[in-house]
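Enquirer: Everything below, folded, please.
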Amino acid sequence: MILGRLMGYSLVRKGVARYLVVLAFCGANVNTLSAMEFIKDFYLPLTTNYDSNIQMVNNNQKSVITYAASPRLTLIAQDELNKFNFDASMFLQKSSDRKISEDRDDPSLSAGWQRDFSRGQFFVTSGYTKSSTRTTELNRSGLVAADGSAISKSVNLGLSYLLTDRYTLSTGLGYQSQEYTSIGLVDYTSKTINAKLSYLYSPTLAPFIQTSLNRYEETGITSGSRISKSTSAGVNYQANDRLTMVASAGVNQVSSGGRGWIGAYSLGYFLDDKSSINASITRSVSPSGLGGFEKSDSMNINYTRDLSARDRVGADFGWNINRSINQTRNKQLNAWYVHDLSQEWSLRANTQYRTLENGSQQADGYLVGLSIVFQYPNF
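Expert: Have a look, this model is predicted:
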């Protein structure tokens, strides 16, 4: 039933995206299907977490233990021209104290089709996700004291076309619906159109220019919509097989909030055959459950290393500043260790320390978790 509702959401609410998705999965004839390669993966982590302050409050802190199972099924069918994918998962969680952390049964579904042709490709994707607002809002509004649900439904279409041997034009349309059960957050819809022109200057350097327009409307309110317009220029740079960088900068204008700058910088570097580091710094403007668009700054650093054929470690640091009316600052430091027991089974231990500032209020908390993971690739 959920998938049926998902496919019914369209970019303009007149069945266009639904028609495209059905066409994607039903348009292939028997001969095409018989020539396709099928990949099927099943993934099941069983996790126990202890959280010292899941509400992120600075007084009357309460700890909680959660037990979760997250089965996930991935199906891919592809031939020389087409690629169909389907992903379904369910997050099931039991809490030791349901007054501060609800039991959860959150489904997530996504489906897509990609079609290659001589000078480019076309794709259409759709998705449905239900999740805790403690996950979605920690880096957004900071409203995590009360546990609630966020339901997101989306449809996206995209076309990439090779204009010449060096110029590539990419365009896209998107529709998103966001619903909340938490107090203080408003439901909204967001419609997006974007375009990007890139130029292959050399095998290692590709400058680009991109623009986007996003229309935001609170659900049930036909007037007072907000428009966000962004234009930026940047460059993709691959120095060698170990170092890749992407940088961009531009301007954004919101109909209700004036003009400001946006930008992004990301770096990926393989330190050696066993370890890598990824880092990014971003200023962005995006739709918000607080009403309208919000500006945020973020920095993320991730490090991973293979200790042996069966052992891996990693750490990541995240810092986010939300410049909405709440003016929240969030920092997270995570570390994890994975040991492969066999080809299908593995153990994962992780720990996290986080802080949240909201005006004059400041809170912190830590999490310790242990997971046993079953993975059945290409069953």
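
Enquirer: can you pull out the strands in the stretch 201-350 of the chain?
Expert: Here the stretch 201-350 of the chain has its strands, by DSSP state E, counting those that start in this stretch, at 205-218, 226-238, 243-254, 258-270, 275-287, 293-306, 311-322, 328-340, 345-358.

Enquirer: so which of those gets nearest D97?
Expert: Set against D97 and scored by Cβ to Cβ, the strands of the stretch 201-350 of the chain come closest in strand 345-358, at 19.1 Å. Where you see a C-beta, it was placed from the backbone N, CA and C, and this is true even at glycine.

Enquirer: on that earlier part again, can you check which of the strands of the stretch 201-350 of the chain gets nearest to Q93?
Expert: Here strand 345-358 is closest among the strands of the stretch 201-350 of the chain (Cβ to Cβ), at 16.0 Å.

Enquirer: What helices and strands are in contact with the closest one?
Expert: With contacts taken as 3 or more Cβ pairs under 8 Å, 6 or more residues apart in numbering; DSSP states H and E, strand 345-358 sits against strand 328-340, strand 361-377.

Enquirer: Can you tell me which of the strands of the stretch 201-350 of the chain is nearest to A69?
Expert: Smallest distance to A69 across the strands of the stretch 201-350 of the chain (Cβ to Cβ): 14.0 Å, for strand 345-358.

Enquirer: list the buried ones in the closest one?
Expert: Buried residues in strand 345-358, counting neighbours by 16 or more other Cβ atoms under 10 Å, are found at S346, R348, N350, Q352, R354, L356, E357, N358.

Enquirer: Let's have those residues in a markdown table, adding distance to R305.
Expert: Putting the buried residues of strand 345-358 into a markdown table (distance: Cβ to Cβ, whole Å) gives the following:
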| residue | distance to R305 |
| --- | --- |
| S346 | 16 |
| R348 | 15 |
| N350 | 15 |
| Q352 | 19 |
| R354 | 23 |
| L356 | 29 |
| E357 | 31 |
| N358 | 35 |
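
Enquirer: Would you format the residues you listed as JSON lines with distance to N82 and pLDDT included?
Expert: Output for these, formatted as JSON lines (distance: Cβ to Cβ, whole Å; pLDDT from 0 to 100):
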{"residue": "S346", "distance to N82": "33", "pLDDT": "98"}
{"residue": "R348", "distance to N82": "35", "pLDDT": "98"}
{"residue": "N350", "distance to N82": "38", "pLDDT": "98"}
{"residue": "Q352", "distance to N82": "41", "pLDDT": "98"}
{"residue": "R354", "distance to N82": "43", "pLDDT": "96"}
{"residue": "L356", "distance to N82": "45", "pLDDT": "91"}
{"residue": "E357", "distance to N82": "49", "pLDDT": "90"}
{"residue": "N358", "distance to N82": "48", "pLDDT": "82"}
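
Enquirer: closest one to S110 among the strands of the stretch 201-350 of the chain?
Expert: strand 275-287 (19.5 Å).

Enquirer: hmm, back to that, quick one: which of the strands of the stretch 201-350 of the chain is nearest Q178?
Expert: Short answer: strand 275-287, nearest of the strands of the stretch 201-350 of the chain by Cβ to Cβ, at 7.2 Å.

Enquirer: Could you pull out the buried residues of the closest one?
Expert: Residues S275, S276, A279, S280, I281, T282, R283, V285, P287 are the ones in strand 275-287 that count as buried (16+ other Cβ under 10 Å).

Enquirer: For the closest residue in space to G365 that isn't next to it in sequence, grab phi and psi.
Expert: Excluding the flanking residues, the one nearest G365 by Cβ to Cβ, 6 or more residues apart in numbering is N53, at 3.2 Å. Backbone torsions of N53, given as degrees, to the nearest 10, read phi -160, psi 70.

Enquirer: and N53, what is it in contact with?
Expert: Q61, K62, S63, A363, D364, G365, Y366 (Cβ atoms under 8 Å, 6 or more residues apart in numbering).

Enquirer: where's S160 relative to A206, distance?
Expert: S160 sits 14 Å away from A206, going by Cβ to Cβ, to the nearest Å.

Enquirer: which one in the contacts of N53 is the model shakiest on?
Expert: By pLDDT, Q61 ranks lowest within the contacts of N53, coming in at 90.
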